[in-house]
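Student: Could you look at this predicted model? Sequence included:
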Protein chains: 2
Amino acid sequence: MAENHPIQFGILGCAEIAKKVSRAIAMAPNSTLYAIGSRSIDKAKRFSAENNFPSGVKIYGSYDEVLEDESVDAVYIPLPTSLHLKWGVMAAEKKKHVLLEKPVALNVGELDEILKACEANGVQFMDATMWMHHPRTEKMKDILSNRSLFGEIRSIHSIFSYMGKNNFLENDIRVKPDLDALGALGDTGWYCIRMSLWALDYELPKTVTAHRGPIFNKLGVNLSCGATLLWEDGKVANIHCSFLSNLNMDVSILGTIGKLRLSDFVIPFEETEASFSLRLADRWLRWDPSPDQNVVLTDLPQEARMVTEFARLAIKIRDFGSNPDKKWDSISRKTQLVVDAVKASMDKGFEPIEIVS
Amino acid sequence: MAENHPIQFGILGCAEIAKKVSRAIAMAPNSTLYAIGSRSIDKAKRFSAENNFPSGVKIYGSYDEVLEDESVDAVYIPLPTSLHLKWGVMAAEKKKHVLLEKPVALNVGELDEILKACEANGVQFMDATMWMHHPRTEKMKDILSNRSLFGEIRSIHSIFSYMGKNNFLENDIRVKPDLDALGALGDTGWYCIRMSLWALDYELPKTVTAHRGPIFNKLGVNLSCGATLLWEDGKVANIHCSFLSNLNMDVSILGTIGKLRLSDFVIPFEETEASFSLRLADRWLRWDPSPDQNVVLTDLPQEARMVTEFARLAIKIRDFGSNPDKKWDSISRKTQLVVDAVKASMDKGFEPIEIVS
């Protein structure tokens, strides 16, 4: 295959989120949508038509056929979490690079099997946490990393909630114990945990303690919960995630000199730009000057940037013999470790859970 | 004394915050600054000069003299918390209305003695929680109370932090166990707790559980902590308060239909107006329309409105024979109960503390 040929994506399943990611694949300069597979070929055809897939996109009536297609370089897997282990491992074994929806697995043990398969087969792994790829994220990191500007980070407070309508709370895969058993913790808490780790350069907390008052559905799937992450040196992060309240994506990162906040960390208000507010002034209990609003423009929406970065790594492997970038394995694994710890803390009466990497 | 004669205030002590409140007394249309007392008459003279008090203001070299002055209708007490019991009770016994800085007491037992003295002497009690009196607060309450607009409140997240400079962390009364033993919890956590209770019409939580990772100074005074308040029906409030990070006054109130947030709940960015953002739209994981910014103008800064309301109640008692408005006793007491519970939870290894009113 010629150098600079785009990465050819296959998508496993017709999840709602696949609409956004298929558009992102089309927008990314180094990738193209090649195939989609569903257990029902009719569903795949309908999905293809509804999303105006180019006529050349292959439509398969099974996930296996996508994996068997040698022209597929990479797969995007937006299947329910309980299916990630099987299809993540199989995709890797078929030498497909794996872009995996979050939560990446039901627990870190399953994730380790997926990562092991990716490593054994020399394919790139990445979880589909889109906000990581927004240029705002990089800009914020520059600020947070500048100690003389921002000081030491002391605490991080993040909330990701959205309101599950009745139909959602009964029928969505995200509230079914056999599909997405991690519920709101896995779906929305994932982002808060990632944000907390990201802000602290992926240093793992020492302990994780769930807040009292989580809410579960009748089948035991989490609909709302919170937790405090505590680091060795006293830094803390509070997270709150929920399917039971209006859309909210707040983060406040508090440092000894600066503070940074944004209200749309998971999905920016606008596709072409995103902002955050920063306060660096240090007047004693006085606001003047009030926090600055910083705007960051982006050429592509964050999901297209994610695909671009993933495809860039895949091209390096495919065309230049590079090794996979293991950074993404490590980041996913740490996030999953904390997800698991929040769940364990809830299961064990809100005891603090020590994080052992 | 003629009707509509302003309430004549005495101030006990020359605390930093007394600058703001003495200005507020001057701004309020129904009150006037009549006297200030300090243990050192020189300090009182200096304070009076620095703050351009009118030449007629009486300057006393003791708190007792202020209380003995029969022309003093009301006192504002910004003394260290450990002195509130003594001087709050004495002021009431001298028939002075009592505007008391927060935290109102070291514990609810002490507060009860102050409230009992106020009741026995027929004087008005109010704590000096200024934001309660901003017209923004009333406007937000209208929205939160409108169930068809906002739905049910599910969670409240509040943070109040400011950075204590080295001098503060060593010398300020707020970190001295014999003066303000409640530290950051009493000073900044008070506001977060009040906000949580206010949003839920002062329904007390069922349990309060401190978050792990609070920070104390060598003398055992709290410099940073957090807690989860849990209500009977599953509502939660997370609070975080600190002397160890940059100025932050965030609140997010999440409902089933609406969400409301502001970044300056304790002290508005501007004196003449204040805003909050409101999102009522309910599109599935989509921002459009993005949250509205609501601006509320105010004729007087919130502290002057507080003094005006307090003086209004005092005038009703003094000139019209009304009874004190006990609402303020109740609100203070509930806030203190939760402060006490956070402290108890920290003292008892982060166990949940049941709130018994």
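Tutor: Thanks, I have the structure now.
Student: Next, the buried residues of the helix or strand A:Glu138 falls within.
Tutor: Under the criterion of DSSP states H and E, A:Glu138 resides in helix A:135-145. Of all the residues in helix A:135-145, those buried under the rule 16 or more other C-beta atoms under 10 Å in any protein chain shown are A:Pro135, A:Arg136, A:Thr137, A:Lys139, A:Met140, A:Ile143, A:Leu144. The C-beta positions use only the backbone N, C-alpha and C, and glycine is treated the same way.
Student: Could you do stretch A:166-183 as well?
Tutor: Per 16+ other C-beta under 10 Å, stretch A:166-183 contains these buried residues: A:Leu169, A:Asp172, A:Ile173, A:Arg174, A:Val175, A:Lys176, A:Asp180, A:Ala181, A:Leu182, A:Gly183.
Student: helix, strand or coil for the fourth one?
Tutor: Under DSSP: H, G, I helix; E, B strand; the rest coil, the three-state class of A:Arg174 is helix.
Student: residue contacts, the closest residue to it other than its chain neighbours?
Tutor: Once flanking residues are discounted, A:Arg174 sits nearest to A:Asp180: 4.6 Å by C-beta to C-beta, 6 or more residues apart in numbering or on different chains. For A:Asp180, the contact set (C-beta atoms under 8 Å, 6 or more residues apart in numbering or on different chains) comprises A:Pro80, A:Thr81, A:Ser82, A:Pro103, A:Ile173, A:Arg174, A:Gly186, A:Asp187, A:Val221.
Student: Which secondary structure element is home to the closest residue to A:Asn248 other than its chain neighbours?
Tutor: Spatial nearest neighbour of A:Asn248, chain neighbours left out: A:Ser161 (4.7 Å); criterion: C-beta to C-beta, 6+ apart. A:Ser161 belongs to strand A:153-163 when elements are defined using DSSP H and E.
Student: List the pairing partners of that strand within its sheet, with orientation.
Tutor: Here strand A:153-163 has these sheet partners by DSSP bridges: strand A:236-242 (parallel), strand A:244-255 (antiparallel).
Student: Could you pull out the strands in the stretch 201-350 of chain A for me?
Tutor: A:207-210, A:215-216, A:222-230, A:236-242, A:244-255, A:259-262, A:273-279, A:292-297 (DSSP state E, counting those that start in this stretch).
Student: Deepest-packed of those, please.
Tutor: strand A:236-242 (a mean of 28; mean count of other C-beta atoms under 10 Å in any protein chain shown).
Student: Between strand B:222-230 and it, find me the angle.
Tutor: Here the directions of strand A:236-242 and strand B:222-230 differ by 20 degrees (axes from the mean of the first three to the mean of the last three C-alpha atoms, to 10 degrees).
Student: which residues touch stretch A:348-355?
Tutor: A:204-212, A:230, A:337-338, A:341-342, A:344-345, B:209, B:212.
Student: rerun that using 6 Å as the cut-off
Tutor: Contacting residues not belonging to stretch A:348-355 are listed as A:Leu204, A:Pro205, A:Thr207, A:Val208, A:Thr209, A:Ala210, A:Arg212, A:Leu337, A:Ala341, A:Ala344, A:Ser345, B:Arg212 [C-beta atoms under 6 Å, 6 or more residues apart in numbering or on different chains].
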